[in-house]
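# Give me a 3D structure for the following:
(one chain, ligands or ions: 1)
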Amino acid sequence: MSGDTDAPVDPTQPPRPTHTTRRVNALAARIGARRYLEIGVQRGHTFRTVEIAERVGVDPRFLFDTEAVADATTTLHAMTSDRFFAEAAGTKPFDIVFIDGLHVFEQVVRDLTNTLAWTGWHSAILIDDVMPTDVYSSIPVQRDALRFRREAGGRGGQWHGDVFKIAFLIHDFFPSLDYRTIVGTDNAQTLAWRAAGPMRKPIFNSLERISRLTWFDLQAHMPILRGVSEEEAIELCAAAIAPRIATAR
Ligand SMILES: C[S@@+](CC[C@H](N)C(=O)[O-])C[C@H]1O[C@@H](n2cnc3c(N)ncnc32)[C@H](O)[C@@H]1O
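Below is the predicted model:
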């Protein structure tokens, strides 16, 4: 979610672990993750508190001193995710990828499909911002979201964009991914991993319809997110992928 100011982090202040840190670290411990990629790092509150041996961060505009954080096992790329995957991603697969860059559906589709090329059967993919808090938060242009909410008498800077459409896309067009959406505590996030079956019956079966979905469609089709608790999502994902780790490395 985006709702903060753009003020850079005071480099003398330690990062504050986030709810994503908690989720990623719990999953990492369960599956023995060794390589982590975060798309959209900003102040690094999540990135810098993730406990995985090798960490790669990508953001065209980091809001902290990257040179003070980078070392032999922590790499930071000041560029868009598209450029990163085209030029800097290397060849080694990641165990956990956190997609939290530009909150626009088309970008998240590209981030997900690129991520699939840099992950395997043993990997977990966590996608942020899948549950806009109101209709304004779901508008893909951030300044419009904030302006229309303000003009309607609302308050707050929440902006999730139209990332929520990714759950519909995965449901209908990525049958080789299983997924659950963590709901109930903190920002909702979709956790996805490779799986063969069970077969899902497409609901929209139209890329065009999915790309035109609105916040109201989301309210009408909420079960498509497959919402579960944080613990249940992590348990399901870890149970599916932990046995594959040994053969993946
Ligand atoms: C919500 S913030 C990330 C928060 C961070 N993941 C955390 O948990 O603390 C979103 C970040 O995505 C970055 N961003 C925007 N467009 C991007 C792109 N095309 N590729 C990668 N990152 C992008 C922004 O600069 C911003 O810092």
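
# can you count the residues close to Gln42?
21 (other C-beta atoms under 10 Å). Any C-beta I mention is one placed from the backbone N, CA and C, and that applies to glycine too.

# Quick check: nearest residue in space to it, chain neighbours excluded?
Counting by C-beta to C-beta, 6 or more residues apart in numbering, the nearest residue to Gln42 once its immediate chain neighbours are dropped is Leu63, at 5.4 Å.

# Now the one you found: which helix or strand?
Leu63 belongs to no helix or strand when assigned by DSSP states H and E.

# so how far is Gln142 from it?
Counting by C-beta to C-beta, to the nearest Å, the gap from Leu63 to Gln142 is 16 Å.

# Next one, pLDDT for the residue nearest to the spatial centre of the chain please.
Nearest to the mean C-alpha position of the chain, counting by C-alpha atoms, centre = their mean, stands Ile127 at 2.3 Å. In this model, Ile127 is scored at 98, pLDDT.

# go on, Asp111?
98.

# Check what contacts the helix or strand hosting it and list those residues.
Assigned by DSSP H and E, Asp111 belongs to helix 105-117. Helix 105-117 is contacted by residues 37, 39, 81-82, 85, 89, 94, 97, 99, 101-102, 125, 127, 140, 161-163, 165-166, 169-170, 211 when judged by C-beta atoms under 8 Å, 6 or more residues apart in numbering.

# which element follows that helix toward the C-terminus?
Helix 105-117 is succeeded, C-terminally, by strand 124-128 (DSSP H and E).

# now the angle from that following strand to helix 105-117?
Inter-element angle recorded for strand 124-128 and helix 105-117: 170 degrees (by axes from the mean of the first three to the mean of the last three C-alpha atoms, to 10 degrees).

# In the next helix or strand after strand 124-128, which residues are buried?
Moving toward the C-terminus from strand 124-128, the next helix or strand (DSSP H and E) is helix 142-151. Residues Gln142, Ala145, Leu146, Arg149 are the ones in helix 142-151 that count as buried (16 or more other C-beta atoms under 10 Å).

# buried residues in the helix-or-strand element of the chain with minimal mean pLDDT?
Counting by mean pLDDT, DSSP states H and E, the chain has its least confident helix or strand at helix 245-248, which shows a mean of 78. Using 16+ other C-beta under 10 Å as the test for burial, helix 245-248 gives Ile245.

# Where does pLDDT dip in this structure?
For the chain, applying pLDDT under 70 flags the ranges 1-12, 249.

# Quick one: the helices in it, in order.
For the chain, the helices defined by DSSP state H occupy 19-31, 66-69, 81-83, 105-117, 142-151, 165-173, 207-211, 215-220, 230-241, 245-248.

# The last one: how far from the chain's middle?
Which is helix 245-248. Averaging C-alpha positions (C-alpha atoms, centre = their mean, to the nearest Å) puts helix 245-248 24 Å from its chain's average.

# How about stretch 202-209?
On C-alpha atoms, centre = their mean, the centre of stretch 202-209 falls 22 Å from the chain's centre.

# Near the ligand, which residues of this protein are found?
2, 18, 20, 38-43, 45-46, 58-61, 80-81, 100-102, 107 (C-beta under 6 Å from any ligand atom).

# are any of those residues buried, and which?
Neighbour counting by 16+ other C-beta under 10 Å classes 2, 18, 20, 38-43, 45-46, 58-59, 80-81, 100-102, 107 among the residues of the chain next to the ligand as buried.

# looking at the helices of the chain, which is buried most?
helix 165-173 (a mean of 22; mean count of other C-beta atoms under 10 Å).
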